[in-house]
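J.: Sequence first, then the predicted structure:
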Amino acid sequence: MRSLPRNLKNWSGVVAVLLLAQGIVACFVPRGPALTDSSEAVDWALHVVTALIFFHIAWTSSGRERIFWSLQTACWWMLLVTNTLWTYYGLVLHQEAPGLFVGDILLFLAGVPMFAGLMLRPHRQSAYAPFGFVDLTLLVLWWLSLYLFFVTPWQYIIPDEVVYGPNYNFILLAEDMVAVVLLIFLWRDSSGRWKRFYGSFLGAQTLIAAAAYLANHAIDAKGYFPGSWYDVLIDAAVSWFALTALLGSGLTSETHGQEDSQPPAGQRTTIVAMFAVLSIPALAAWAVLRSTVPPEVTRFRVLVALLTITVMGCLIFVKQRGLGKELARANRILHEASLTDPLTGCRNRRYFDSTIEADISHVLRCFSDGRDQNRRDLIFYLIDADLFKEVNDKFGHGAGDRVLLEMVRRISSAIRLSDVLVRWGGDEFLVVSRYTDRMEADTLATRLLTAISSREFIVAEDGPSVHQTCSVGWAAFPWLVTKPEAFSCAEVLALADRALYEAKQSGRNRAVGMRTSGKMVTEPSTSAVSSKKV
């Protein structure tokens, strides 16, 4: 075992002393009240120490590992409650626990949180499956229904210790075998310290399964007594579990460079849960067809199956409803991501293509209906950063990205909420100004120029800054007011692109607007507007 902190070494020492004490009691104390009392006391103390070890590790863990250790702790505290009931019969009442023991169901259900923790695969770093708690609840319900189906009828409906014992032993052995198979899979799936941990866990589980099987059969054959070697074997397995917990203290999830080729843990849990749901009707049919079973037992089993499948159906409905909402939310997120530029966070061309037809239709309706002529135009502003390649060449693409992000922030502050900012490509942006007047289009163009050039751009944290300007070309839709449908949106965008080209050619850091009456140039230094016929 790896080097342990002092407090954990103390725990391991206590476990070793208690196991040695149980062996000495079994060897040297004759059968009788003294053997029963001493054996029960040592056994109870060992369960207490083991439960406290698991609790301590769970308390000092974090994240995914804390969930795993908390579930294992729940398992051992359930076992401690069962053991306390046994100890009560032995030490307080001075009698053996009855064959139809009320605590047997806790002994059986203790495996459920253990399975839940193992099915999380704590050695793997993976996301928790949405609504995985529903699948785990289905498995818990199924596991409980098996106990109610096979064991409970012979304990409460028609009490029969002769039939109860084999049924209980069978269901408990099945639980132990499932645990062994699951641990073999986890052992093969892990490496390093996790592989050693799962190997030790597997050894402890195999030993306690064998010891419990032998002890239960000895109880049925009236060959068991407290303090016998069956108790030594069981306590050896409990001690092994305690040492396994100490071995796993401080383990963290492994990081794998490649994707896991196997189905996710959540998907496997769902598959097992669906198998569990489908098995209930088969069990009900089997119960009805068995003619050798008393009618009272058959009715009870059918009732258990009906109640179980009803509750399972409700849980599946809750899960499917939740998954439907999750799917709708994921689709909305994916749709939004497909319409958004990943670097700048503004809209992309796909968004423009998906929404422009609605904007065009609205504008055309406004012109056809003869609405207010001052606020019915659609203005396209193409904005291109001046000499942006020099920023990338001198400071690197990271600095260029920071400049683009700041440009988006400044452009966004200059436009209205009803306007749309689109990353048109590279360092070029498009502003779609809705519900506006073409006679005032130069005002927004001037604001855009001023917003970009008013302050220097920081290209690195605590680093240099650069003065950045832009050129703007704009055009209004519809191009012809008297014939709104004469020119398409693409043709007006081409005119805006031509205006942007002219702004670049005429010296940059300026805006050129194209409209039927002429060409308008806005100089940022004076905000003066000059025009001439085109």
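T.: That came in fine, so what should we check first?

J.: how close does Pro98 sit to Tyr164?
T.: 11 Å (CB to CB, to the nearest Å). Any C-beta I mention is one placed from the backbone N, CA and C, and that applies to glycine too.

J.: if you count what's nearby, which of those two comes out ahead?
T.: Per other CB atoms under 10 Å, whichever of Pro98 and Tyr164 has more neighbours is Tyr164, with 23 against 10.

J.: Can you say which helix or strand has that one in it?
T.: Remark: Tyr164 resides in helix 161-189, with elements defined by DSSP states H and E.

J.: From the chain's centroid, how far away is the helix or strand following that helix?
T.: Where DSSP H and E defines the elements, the next helix or strand beyond helix 161-189 is helix 192-220. Mean-position distance between helix 192-220 and its chain equals 32 Å (CA atoms, centre = their mean, to the nearest Å).

J.: Check which helices and strands helix 192-220 sits against.
T.: Judged by 3 or more CB pairs under 8 Å, 6 or more residues apart in numbering; DSSP states H and E, the packing partners of helix 192-220 are helix 161-189, helix 229-248.

J.: rank those helices by pLDDT, which is bottom?
T.: Here the lowest mean pLDDT among these goes to helix 161-189, at a mean of 89.

J.: how far off helix 192-220 does that one point, in degrees?
T.: If you take axes from the mean of the first three to the mean of the last three CA atoms, to 10 degrees, helix 161-189 sits at 170 degrees to helix 192-220.

J.: Could you tell me which residues within helix 161-189 count as buried?
T.: Buried residues in helix 161-189, counted by 16 or more other CB atoms under 10 Å: 163-165, 167-169, 171-172, 175-176, 179, 182-183, 186-187, 189.

J.: Next up, the contacts around the residue lying closest to Ser239 once chain neighbours are set aside.
T.: In this structure, Ser239 finds its nearest non-sequential neighbour in Leu19, 4.5 Å apart by CB to CB, 6 or more residues apart in numbering. By CB atoms under 8 Å, 6 or more residues apart in numbering, the contact set of Leu19 is 46, 235-236, 239.

J.: and these, which two are the farthest apart?
T.: Using CB to CB, the two most remote members of these are Leu46 and Ala236, lying 9.9 Å apart.

J.: who has more neighbours, the two?
T.: For Leu46 versus Ala236, the count of surrounding residues by other CB under 10 Å is larger for Leu46: 24 against 18.

J.: Identify the residues contacting the nearest residue to the more buried one once chain neighbours are set aside.
T.: Nearest non-adjacent residue to Leu46, counting by CB to CB, 6+ apart: Leu18, 4.5 Å away. Residues in contact with Leu18 (CB under 8 Å, 6+ apart) are 42, 45-46, 49, 235, 239.

J.: now swap in Ile234 and tell me
T.: By CB under 8 Å, 6+ apart, Ile234 lies in contact with 43, 208, 211-212, 215.

J.: how much space between it and Ile158?
T.: Distance of Ile234 to Ile158, given as CB to CB: 30 Å.

J.: and Leu382, which of the three is it?
T.: strand (DSSP: H, G, I helix; E, B strand; the rest coil).

J.: picking up where we left off before, which one of the buried residues of helix 161-189 sits closest to Leu120?
T.: Closest approach between the buried residues of helix 161-189 and Leu120, by CB to CB: Leu186, at 10.3 Å.

J.: I'd like to know how far that closest one sits from Gly248.
T.: Taking CB to CB, one finds Leu186 at 12 Å from Gly248.

J.: now swap in Glu491 and tell me
T.: Taking CB to CB as the measure, Glu491 falls 70 Å from Gly248.

J.: Show me which residues of stretch 86-96 are buried.
T.: Using 16+ other CB under 10 Å as the test for burial, stretch 86-96 gives 86-87, 89-91.

J.: Now that stretch: average pLDDT?
T.: 82.

J.: circling back: list just the nearest of the contacts of Ile234 to Val297.
T.: Taking CB to CB as the measure, Val297 lies nearest Ala212 of the contacts of Ile234, at 25.5 Å.

J.: Give me the buried positions along the strand or helix carrying Leu52.
T.: Here Leu52, judged by DSSP H and E, is contained in helix 33-60. Residues 35-58 are the ones in helix 33-60 that count as buried (16+ other CB under 10 Å).

J.: what is the orientation angle of the helix or strand following that helix with helix 229-248?
T.: Downstream of helix 33-60, the first helix or strand assigned by DSSP H and E is helix 63-87. Angle, helix 63-87 to helix 229-248, by the same axes, to 10 degrees: 160 degrees.

J.: Report the buried residues of helix 63-87.
T.: Buried, per 16+ other CB under 10 Å, within helix 63-87: 64-80, 82-83, 85-87.

J.: and the next element down the chain from it?
T.: helix 104-109.

J.: then that next one to CSV, C-alphas only?
T.: The C-alpha trace of helix 104-109 is given here as CSV (Å, rounded to 0.1, in the frame of the first residue of the first chain):
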residue,chain,number,x,y,z
ASP,A,104,-32.2,-8.4,5.8
ILE,A,105,-33.7,-5.9,3.4
LEU,A,106,-31.1,-3.3,4.5
LEU,A,107,-28.3,-5.8,3.9
PHE,A,108,-29.7,-6.3,0.4
LEU,A,109,-30.3,-2.7,-0.4
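
J.: Could you identify the helix or strand that succeeds that helix?
T.: Taking DSSP H and E, what comes next after helix 104-109 is helix 111-119.

J.: Which residues does that following helix contact?
T.: So helix 111-119 is in contact with 67-72, 74-75, 78, 136, 139-140, 143, 175-176, 178-179, 182-183, 186, 265, 268-269, going by CB under 8 Å, 6+ apart.

J.: before we move on, back to that, can you lay out the contacts of Leu19 as CSV showing distance to Met312?
T.: Listed next are the contacts of Leu19 as CSV, based on distance: CB to CB, whole Å:
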residue, distance to Met312
Leu46, 38
Asp235, 38
Ala236, 39
Ser239, 38
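
J.: Closest one of the residues you listed to Arg121?
T.: Proximity of the contacts of Leu19 to Arg121, judged by CB to CB, is greatest for Ser239, which lies at 26.1 Å.
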